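Task: produce atomic coordinates for the following.
(2 chains)
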Amino acid sequence: MKGELKWGLMILFFVLIAYILPYTLLTNVTKWYGSFFVWIILAVIVIGINYFITKDWGKEK
Amino acid sequence: MSTTLVWSAIVIYVAVAILIAFLSRSGKQNNMNSYFLGDRKMNGFVSALSYSATTYSAFMLVGLAGLTYNGGVGALGFELIYLMGVSLVAFFGPRFWKVGKKFGYVTPSEMLGDRYDSKTVAILVAVSNCIFLIPYSAVQLSGVGYLLQGVTNNAISFSTGVILATALAIFFTYIAGIRSVAWTDSLQALFMIITSTIVVLVLIKGLGGFSGFFGTLETKYPQYLTVPGNGFFSFLNFLGLSLPWFFFSLSNPQVSQRLYMPSSLKSMRHMLMGFLIFGLIYTIVAIIWGYSALIMFPNLENADMATPLVLQSDLIPPILGAIVMVGIMAAAISTIDSILLTLSSLFARDVYGNVKKNTSDSAQLKVGKFIIPVIAALAFIFSLMEVNLIAVLSVSSSAGLLVVVPAIIGAFFWKRGTAAGVISSVVVSGFIVIILELMQIKPLGLASGLWGILISTILFISVSLLTKAPEEKAKGFLSV
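Numbers count the residues shown, from 1 in each chain, chains lettered A, B, ... in the order given. From the prediction side, this is the model:
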């Protein structure tokens, strides 16, 4: 399982962003493109990372 | 909503589900592996849908919508952080799967018992899972009761709803074990994602389209688009709520057991990716649902009433309302039957199999099948009793199950972990979580789950360092 640490740290980074951004920069952005949009985008990014982590599953023995 | 309409929808759902359950029967289901794990031959598509149905209970369209109604966008953040946590499957999934195949594990607690070379570990983890998950199932059952009672204005009584849900959960479990559970789950998940998405599109259209919908929120309820917003989602509350759920995919045996089942790693990949996409869509649907309730019915005293009211509103055609209502009922059942099956496997494999010496596989299966209705009956009785402890255990289930997480992570990543470390961390922090929840206190402002994970991690590490680790097993697990 190559590169696991790298992927793990990347996910951790985006999870931290998901905790930090809405409670700092976005606390006064009362628009749909505030926390609502940012959380969804972060989730999409993390799903994308999962796509890459699992890309070769089943190809190795 | 008319009672005839509701009953018709229920009858159609039950008929289709029973048909699917019978069609799902394949193989002989005469051993533990087959009955509880589908012979480790589940395909990716069914695994993904069933994983989704098991994870997402009636909570989504009732509880999460209610949470949005009460506190706004923080509910979205909470649920999406949970979803990000399912990435743990990308790291632990193949490990569970490989050791499961290699050593023939049927349950996660069996795996921990073997890894830490201690029957006590297996028994304790199994028992603690039961302590938290039976009350959790009970609350799901009463959820069905309240929902049916609510949308039919008491024409269908609370107890009728609960009895119906219990009977169906037992039935789906019995027909073919995990196979009938997985296939009926899949039916429910597909049905739910399609119908609830339609409802939400109808709601958005009825409330002025995307710009009208968000325009109303931005002008009338601006604090519902930020955190901490109206104060409901203070940072510590948010952390206390989301962190236990981040580890849900490892801590809850009804989903972690699923990691043994896919036919190949490719199937597991489909399970994971399918679930993540399903979860993202369903989460957004539930949040918009809650916002719609806020726009249409502000000032409700009980946010749990938001969903029944939305379903009965003028915007939703009654047939669609009835269909989604049955979908919510099915969502509760699809969660309960999976929990039922998992807990009975834990009891048969880890409690019965370890307490009684030299039990055969077929004897364990017999016990497992016998215990299914017993656990269902317990959940049923709990759901009818208004006992404080049951509600407390259910609320603390995510926090209570969380205390096993250090032992699970340690199993694959830390060779010094020991049985004594696991036992002390699970027992001590499990009790602490229950006490904090019972007394309703948050020392230093931190919720029970945070204390649970903190104390269990410290205990697991420190007690392990003071005791001798099982080296051989550790090697086998760390090199997977």
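
So the residue of chain A found nearest chain B, which state does it fall into?
Here chain A gets closest to chain B at one residue, A:Gly58, 3.1 Å apart by CB to the nearest CB. Glycine gets a C-beta too; all of them are placed from N, C-alpha and C. Of the three states, A:Gly58 takes coil under DSSP: H, G, I helix; E, B strand; the rest coil.

Surely B:Gly449 is in contact with B:Phe247?
No: taking CB atoms under 8 Å as the contact criterion, B:Gly449 and B:Phe247 are not neighbours in contact, 9.3 Å apart.

Between the two, which is the more surrounded one?
Neighbours per residue, other CB atoms under 10 Å in any protein chain shown: of B:Gly449 and B:Phe247, the larger number sits with B:Gly449, 27 against 23.

Quick check: residues of chain B near chain A?
With the criterion set to CB under 8 Å from any CB of the partner chain, chain B comes near chain A through B:73-74, B:76-77, B:80-81, B:83-85, B:87, B:90-91, B:94, B:214, B:217-218, B:222-223, B:225-228, B:235, B:238-239, B:246, B:264-269, B:272-273, B:276-277, B:280, B:283-284.

Can you give me the buried ones in stretch B:424-443?
Judged by neighbour count (16 or more other CB atoms under 10 Å in any protein chain shown), stretch B:424-443 contains these buried residues: B:424-426, B:428-430, B:432-434, B:436-437.

any chance of the residues you listed in TSV, with secondary structure too?
Compiled in TSV, those are given as follows (three-state DSSP):
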residue	secondary structure
B:Ser424	helix
B:Ser425	helix
B:Val426	helix
B:Val428	helix
B:Ser429	helix
B:Gly430	helix
B:Ile432	helix
B:Val433	helix
B:Ile434	helix
B:Leu436	helix
B:Glu437	helix
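
Make JSON lines out of those and add distance to B:Trp183 and pLDDT.
Shown next, in JSON lines, are those (distance: CB to CB, whole Å; pLDDT from 0 to 100):
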{"residue": "B:Ser424", "distance to B:Trp183": "41", "pLDDT": "97"}
{"residue": "B:Ser425", "distance to B:Trp183": "37", "pLDDT": "96"}
{"residue": "B:Val426", "distance to B:Trp183": "34", "pLDDT": "96"}
{"residue": "B:Val428", "distance to B:Trp183": "41", "pLDDT": "96"}
{"residue": "B:Ser429", "distance to B:Trp183": "37", "pLDDT": "95"}
{"residue": "B:Gly430", "distance to B:Trp183": "34", "pLDDT": "93"}
{"residue": "B:Ile432", "distance to B:Trp183": "40", "pLDDT": "94"}
{"residue": "B:Val433", "distance to B:Trp183": "35", "pLDDT": "92"}
{"residue": "B:Ile434", "distance to B:Trp183": "36", "pLDDT": "90"}
{"residue": "B:Leu436", "distance to B:Trp183": "40", "pLDDT": "91"}
{"residue": "B:Glu437", "distance to B:Trp183": "36", "pLDDT": "86"}
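
Out of those, which comes closest to B:Arg416?
Within those, proximity to B:Arg416 (CB to CB) peaks at B:Ser425, which comes in at 13.6 Å.

got the contact list for the closest one?
If a contact means CB atoms under 8 Å, 6 or more residues apart in numbering or on different chains, then B:Ser425 has B:403, B:406-407, B:455-457, B:459-460, B:463 as its contacts.

which among those gets closest to B:Thr418?
Closest approach between these and B:Thr418, by CB to CB: B:Val463, at 7.2 Å.

Now the residue positioned nearest the centre of chain A. Its backbone dihedrals?
In chain A, the residue lying closest to the centroid (CA atoms, centre = their mean) is A:Val46, at 3.3 Å. Taking degrees, to the nearest 10, you get phi -60, psi -40 for the backbone angles of A:Val46.

before we move on, back to that, point out the ones among the residues of chain B next to chain A that are inside helices.
Residues from those lying in helices, with DSSP state H as the criterion: B:74, B:76-77, B:80-81, B:83-85, B:90-91, B:94, B:214, B:217-218, B:235, B:238-239, B:246, B:265-269, B:272-273, B:276-277, B:280, B:283-284.

Now a PyMOL select for only the buried ones of these.
Listed next is the PyMOL selection for buried residues among these, using 16+ other CB under 10 Å:
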select buried, chain B and resi 74+76+77+80+81+83+84+85+90+91+94+214+217+218+238+239+246+265+266+267+268+269+272+273+276+277+280+283+284
